[in-house]
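Colleague: Model the structure of this input:
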Amino acid sequence: MSNARDLPIFRLQFYLTAVYPCSYLPDKQARSQVAAPGNLIDTVVYSELVRFGFRRSGHHVYRPRCDACRACVAVRVPVSEFQLGRTQRRCLARNADLTLRLRPLAFDEAHYRLYQRYQAARHAGGGMDQDDREQFRGFLLQSQVDSALFEFSLRGEVVMVALVDKLLDGLSAVYTFFDPDLEKRSLGAFGVLTQIRLAQEIGLPYVYLGYWIEACKKMTYKRNYQPLEGLIDGRWQRLEQE
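Modeller: Below is the predicted model:
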């Protein structure tokens, strides 16, 4: 009989990064806790790590561990209890003409060009707007877990791509980029609603939405998906709607 300590998750090591400027709160310093080595982190191990607030970027698996700040809260939607709001119903109707195709993690030039346009319009000067093809591959196309690209097309043209991980207990929204000229469609919201619907259809209880920071306006939208649970003091609990 194998010892539980031989399981991959017990063989992981965790270390703290050096401090770096926070990407979300001005004048704040951040620090991350990183899980390693990456080759041990498969779907089973990563599913457990996500329940403890970890996320991934390529093979890099981390969670916030700042010295004097606990603003980052991992959040998830319990999909069986999710209730569509009026705005969300309109969003679904507005995008009913989009076609969804699930694709493997493989480079597509149309995806890369869309990514460039999105970064230039939404995150100009942030560094990612200068990503070349290799950086794009490293960020979005490297995964040791069960991952897929959700490709949304309008009349044959790709208008949004979402990188999604399938965990043991849910879907995890890793990163989404879309046509910045279609702002009125609320494509980002449509992508999340699609993931919630698919999780419901395949019987997975949660959609993980990454981190929410109360003081960060860019993350306010995550409170629109109710009910919403947050990992606070090591326990998943309901976040009251504002």
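
Colleague: Could you check what's spatially nearest to residue 167, not counting adjacent residues?
Modeller: Distances taken as CB to CB, 6 or more residues apart in numbering place residue 47 nearest to residue 167, at 4.1 Å, with adjacent residues excluded. The C-beta positions use only the backbone N, C-alpha and C, and glycine is treated the same way.

Colleague: Show me which residues of the helix or strand the one you found falls within are buried.
Modeller: When elements are assigned from DSSP states H and E, residue 47 belongs to helix 43-51. For helix 43-51, the neighbour count (16 or more other CB atoms under 10 Å) marks 43, 45-51 as buried.

Colleague: for stretch 51-69, same thing?
Modeller: Neighbour count says stretch 51-69 has 51, 53-56, 58, 61-66 buried, by 16+ other CB under 10 Å.

Colleague: One more: stretch 206-220?
Modeller: When burial is assessed from 16+ other CB under 10 Å, stretch 206-220 yields the following buried residues: 206-213, 216, 219.

Colleague: Now for these: which two are most distant?
Modeller: When the buried residues of stretch 206-220 are compared pair by pair using CB to CB, the two farthest from each other are 206 and 216, 22.1 Å apart.

Colleague: Got phi/psi on the closest residue in space to residue 73 that isn't next to it in sequence?
Modeller: Across the structure, with CB to CB, 6+ apart as the measure, the residue nearest residue 73 apart from its sequence neighbours is residue 230 (4.3 Å). Backbone dihedrals for residue 230, given as degrees, to the nearest 10, come out at phi -120, psi 150.

Colleague: May I have the residues that are in contact with the most centrally placed residue in the chain?
Modeller: The centre of the chain sits closest to residue 174, judged by CA atoms, centre = their mean, with a distance of 2.6 Å. Applying CB atoms under 8 Å, 6 or more residues apart in numbering to residue 174 gives the contacts 55-57, 140, 147, 162-165.

Colleague: So which residues of this protein form helices?
Modeller: Along the chain, the segments classed as helices by DSSP state H run 43-51, 86-94, 109-122, 133-140, 187-202.

Colleague: could I get these as CSV with mean pLDDT and distance to residue 8?
Modeller: What follows is these, written out as CSV (pLDDT from 0 to 100; distance: least, CB to CB, whole Å):
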stretch, mean pLDDT, distance to residue 8
helix 43-51, 97, 5
helix 86-94, 97, 38
helix 109-122, 94, 31
helix 133-140, 95, 23
helix 187-202, 98, 25
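
Colleague: count of neighbours near the residue lying closest to residue 226 once chain neighbours are set aside?
Modeller: Take residue 226 and drop its neighbours on the chain: the residue closest to it by CB to CB, 6+ apart is residue 241, 5.5 Å away. For residue 241, the count of nearby residues is 9 (other CB atoms under 10 Å).

Colleague: next one: residue 238
Modeller: The number of residues packed around residue 238, counting by other CB under 10 Å, is 12.

Colleague: OK, contacts around it?
Modeller: Going by CB under 8 Å, 6+ apart, the list of residues near residue 238 reads 227-229.

Colleague: So it versus residue 81, what's the distance?
Modeller: Distance of residue 238 to residue 81, computed by CB to CB, to the nearest Å: 10 Å.

Colleague: which stretches of this structure have low pLDDT?
Modeller: Within the chain, the ranges that satisfy pLDDT under 70 run 1-7, 124-127, 129, 242.

Colleague: can you list the domain ranges for it.
Modeller: The chain breaks down into these structural domains: 4-72, 75-239 (assignment by automatic domain parsing).

Colleague: ok so, going back, dump the helices of the chain to a markdown table, plus distance to residue 24.
Modeller: A markdown table is the format used below for those (distance: least, CB to CB, whole Å):
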| stretch | distance to residue 24 |
| --- | --- |
| helix 43-51 | 20 |
| helix 86-94 | 24 |
| helix 109-122 | 15 |
| helix 133-140 | 18 |
| helix 187-202 | 17 |
